[in-house]
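[1] Compute the structure for the input listed below.
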Amino acid sequence: MLKKKLVIFPFNGNGVEALDCINYDEYEVVGFIDDDSSKKSEAYDLYNRSILEKYKDLKVLAVPGSPTTYLQRINIIDSLAVDYNRFVTIVHPEAKIGRNVKIGNNCLVMAGVVLTSNACIGNHVIILPNTVVHHDSVLKDYTLVGSNVVVAGGTTIDTNCYIGSGANISNGLTIGRSVLVGLGSNILKNVPDNARMVGNPARNLNMLISEKVV
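    Okay, the predicted model is just below:
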């Protein structure tokens with residue numbers, strides 16, 4: 001079988017970890033694309049975006065994002081301006097995918113992740129190792145979920161959120177758009193858009209700051 005040629009964008013931690021998830025019988029990794037020309041690597045070939053125009057058959061895995069830059073993920077990924085069908089989804093062979101689970105395009109699902117019955121994962125989603133997304137939960141587009149997170153059944157996490165490693169989200173909740181959940185935080189109630197949730201039980205840091213100002 002002819003291997004598909006794949007580039008990963010950008011050259012960051014998510015991208016390097018993605019190398020452990022790829023089926024090398026299916027893909028040949030050409031290297032990384034990065035906008036920062038000062039980055040260097042002896043192990044990997046680094047390119048600028050022009051490679052996407054030069055080689056139209058290149059597949060792309062776009063995995064930008066961190067706790068400080070997650071709000072920019074939509075613009076960064078969309079700025080690649082490649083056809084939707086050029087994006088690929090990579091699922092580590094040791095991830096456990098249950099019945100009727102749906103996973104969108106340009107997703108990265110790392111080792112030890114468990115997605116149970118009827119979970120729905122949108123497009124451009126990253127799920128780091130050993131996270132569990134329980135039955136009937138929905139992770140919408142452009143969301144990034146850290147390692148060892150538990151998303152209980154029937155939960156909806158809206159677009160462009162960042163869920164920090166070790167967080168726990170109780171069942172049946174709704175997490176609004178562009179929410180940051182801090183490391184190890186426990187979410188016990190619905191969360192509004194743009195909140196920054198920290199602690200156990202988690203409280204909205206934006207509200208705490210407002211209370212102090214008042």
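[2] Nearest to the spatial middle of this protein, which residue is it?
    residue 126 (1.9 Å; Cα atoms, centre = their mean).
[3] Any idea how far stretch 80-88 is from the middle of the chain?
    16 Å (Cα atoms, centre = their mean, to the nearest Å).
[4] Can you get me the start-to-end distance on that stretch?
    Taking Cα to Cα, to the nearest Å, stretch 80-88 runs 14 Å from one end to the other.
[5] Can you give me the buried ones in that stretch?
    Neighbour counts over stretch 80-88 (16 or more other Cβ atoms under 10 Å) mark 80, 82, 86-88 as buried. Heads up, the C-betas are built off the backbone N, CA and C, glycines and all.
[6] farthest pair in the residues you listed?
    Spatially, the most separated pair among these is 80 and 88, at 13.1 Å (Cβ to Cβ).
[7] list residues touching both of these two?
    residue 60 (Cβ atoms under 8 Å, 6 or more residues apart in numbering).
[8] related to what we said a few turns ago, next step: the buried residues of stretch 80-88 restricted to helices.
    Assignment to helices by DSSP state H places none of these there.
[9] Tell me where the model's unsure across the chain.
    Confidence mapping of the chain against pLDDT under 70 gives the ranges 208-214.
[10] Tell me the buried residues in stretch 27-39?
    27, 29-34.
[11] Now do the helices in this structure.
    Using DSSP H, helices in the chain cover 13-18, 50-54, 73-78, 205-213.
[12] Looking at the ones you listed, which is nearest to residue 152?
    helix 205-213 (22.5 Å).
[13] Can you tell me which of the buried residues of stretch 80-88 lies closest to residue 201?
    Using Cβ to Cβ, the buried residues of stretch 80-88 come closest to residue 201 at residue 87, 37.0 Å.
[14] looking at it, the closest one is touching residue 61, isn't it?
    Yes: Residue 87 is within contact range of residue 61, at 7.2 Å (criterion: Cβ atoms under 8 Å).
[15] Now list whatever residues contact both of these two.
    Contacts common to residue 87 and residue 61, judged by Cβ under 8 Å, 6+ apart, are residue 106.
[16] Strands - which of the buried residues of stretch 27-39 land there?
    Applying DSSP state E to the buried residues of stretch 27-39, the entries found in strands are 27, 29-33.
[17] still on that earlier bit, reformat the helices of the chain as TSV; add distance to residue 109 and mean neighbour count.
    Formatted as TSV, those follow (distance: least, Cβ to Cβ, whole Å; neighbours: other Cβ atoms under 10 Å):
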stretch	distance to residue 109	mean neighbour count
helix 13-18	10	18
helix 50-54	24	12
helix 73-78	17	16
helix 205-213	29	11
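[18] can you list these in TSV and add distance to residue 172?
    Rendered in TSV, the data for the helices of the chain read as follows (distance: least, Cβ to Cβ, whole Å):
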stretch	distance to residue 172
helix 13-18	29
helix 50-54	42
helix 73-78	26
helix 205-213	22
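[19] List the contacts of the residue nearest to the centre of the chain.
    14, 63, 65, 107-108, 143-145.
[20] repeat that with 10 Å
    14, 17-18, 62-65, 70, 73, 106-110, 139, 142-146, 162 (Cβ atoms under 10 Å, 6 or more residues apart in numbering).
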